[in-house]
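Colleague: Dropping a prediction and its sequence here:
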Amino acid sequence: MERKNPDKIDKPKSTKKRKACKSPRMSQYVLSQLPEGAVVDFIFYEDFDNDGKKEAVIGVTRFAPFPPDSAVLIVREGKDGIGHEWFMFSESANGNEQAGVIDNAAAADTDGDGLKELVVSRVYGHRHEIDITVIDWDGVNPYQAWYSRRTFFHGSMDVADLDNDGTAEIIVEFGTEEGHEVISAEETCYHVRKGMVYKWDGSSFCTHARSVGMPYASFNMAVCFLKAIWQRDYERAYSMVMIPPFSGLAGLDDPGLTAFKDYIVKKVMPALSRNIERGKLVPAEPYDTCCHFSGPEDDFTIELSRTGSGVKISGLMISRRRV
């Protein structure tokens with residue numbers, strides 16, 4: 001990961017300053033600086049540069065003329081009145097020619113220096129690919145302290161102090177291609193998601209794996225269960241279920257793998273086969289306790305229950321679709 005080092009940044013190219021002028025209200029001043037066709041994405045009012053005075057840090061996206069682009073407007077009030085500068089994003093991941101537009105932002109101390117940094121995610125295109133930039137201040141000069149150098153498919157970004165050590169982590173969740181043997185790979189569909197955390201180690205942001213939250217913990221389990229059945233990996237599928245209640249009252253008499261496999265082969269595989277052979281299953285919006293998938297001929301509803309170690313499959317209902 002790239003080190004957070006202000007000496008490596010070509011600061012004059014990343015900011016555009018304007019002289020201070022007297023103005024009765026900061027809000028009026030900000031409005032006077034917004035370009036035509038622009039909207040405000042976020043506003044933070046914090047002392048980012050540690051000069052004892054708060055700055056207004058405002059995310060701005062301009063939608064006209066096309067294509068849209070984003071920048072950060074920094075407004076501060078001094079003895080000579082109100083002045084501003086623009087922070088321009090200097091990088092785009094994976095060679096994207098089109099500029100990203102602001103997706104989310106947070107103000108938090110991510111490097112343990114006691115001062116807040118600005119963390120911004122930008123989104124690219126219809127695949128909702130996001131990248132992440134951390135903006136810090138060297139005196140009064142903002143600079144790009146860190147950049148993800150990659151995008152995250154169907155990504156989402158958050159910032160929180162997960163381990164309560166006083167320093168916030170950057171939390172990312174994103175879509176994967178997992179399970180596309182059985183579910184649709186259309187970009188507009190729901191996808192199995194993974195999570196990760198960027199944590200400052202004193203010199204750089206290092207990555208750590210993180211479990212996804214609900215309802216995607218349930219959705220991931222449901223897709224992996226269907227995939228295991230389709231690939232005839234009955235032992236893996238068996239490890240994902242609660243018996244009983246998955247197999248109903250019959251599970252009271254024989255809760256073993258052999259009985260589970262016999263049930264899947266006779267009751268589930270025929271329906272799964274006739275649907276996947278004609279097209280993939282299309283997932284609906286997931287919930288904590290159930291996930292619904294529609295095939296060309298049948299609907300599949302997987303019920304889930306929380307356990308001490310996470311979540312498991314507690315039921316599977318298959319119903320023929322009405323034409």
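Modeller: Perfect, thanks for sending it.
Colleague: all strands for the stretch 151-300 of the chain, in order.
Modeller: 156-160, 169-175, 193-200, 205-210, 282-283, 290-294, 298-307 (DSSP state E, counting those that start in this stretch).
Colleague: Dump those strands to TSV, plus distance to Lys261.
Modeller: Placement of C-beta: from N, CA and C, glycine included. Supplementary listing: these in TSV, determined by distance: least, CB to CB, whole Å:
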stretch	distance to Lys261
strand 156-160	38
strand 169-175	31
strand 193-200	29
strand 205-210	32
strand 282-283	25
strand 290-294	22
strand 298-307	18
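Colleague: Show me what the closest residue to Val159 other than its chain neighbours bridges to in the sheet.
Modeller: Spatial nearest neighbour of Val159, chain neighbours left out: Ala106 (3.8 Å); criterion: CB to CB, 6 or more residues apart in numbering. Taking DSSP bridges, one obtains Val119 as the residues bridged to Ala106.
Colleague: give the contact list for Ala106.
Modeller: Leu118, Val119, Met157, Asp158, Val159, Ala168 (CB atoms under 8 Å, 6 or more residues apart in numbering).
Colleague: and if you look at Leu73?
Modeller: So, once contact is read as CB under 8 Å, 6+ apart, Leu73 ends up touching Val30, Gln33, Leu34, Ala56, Val57, Ile58, Gly59, Val60, His84, Glu85, Trp86, Phe87.
Colleague: so which helix or strand takes in the first one?
Modeller: So that's Val30. helix 26-33 (DSSP states H and E).
Colleague: Break this structure down into its structural domains.
Modeller: Listed domain ranges for the chain are 31-175, 216-320 (source: the TED database).
Colleague: And the shortest one, end to end?
Modeller: With CA to CA, to the nearest Å as the measure, the ends of domain 216-320 fall 26 Å from one another.
Colleague: What about Gly52, how many residues nearby?
Modeller: Residues contacting Gly52 under the criterion other CB atoms under 10 Å number 6.
Colleague: What pLDDT is listed against it?
Modeller: At Gly52 the predicted local distance difference test score is 92.
Colleague: Pull up the gap between Gly83 and Asp47, please.
Modeller: Between Gly83 and Asp47 the distance is 16 Å, computed by CB to CB, to the nearest Å.
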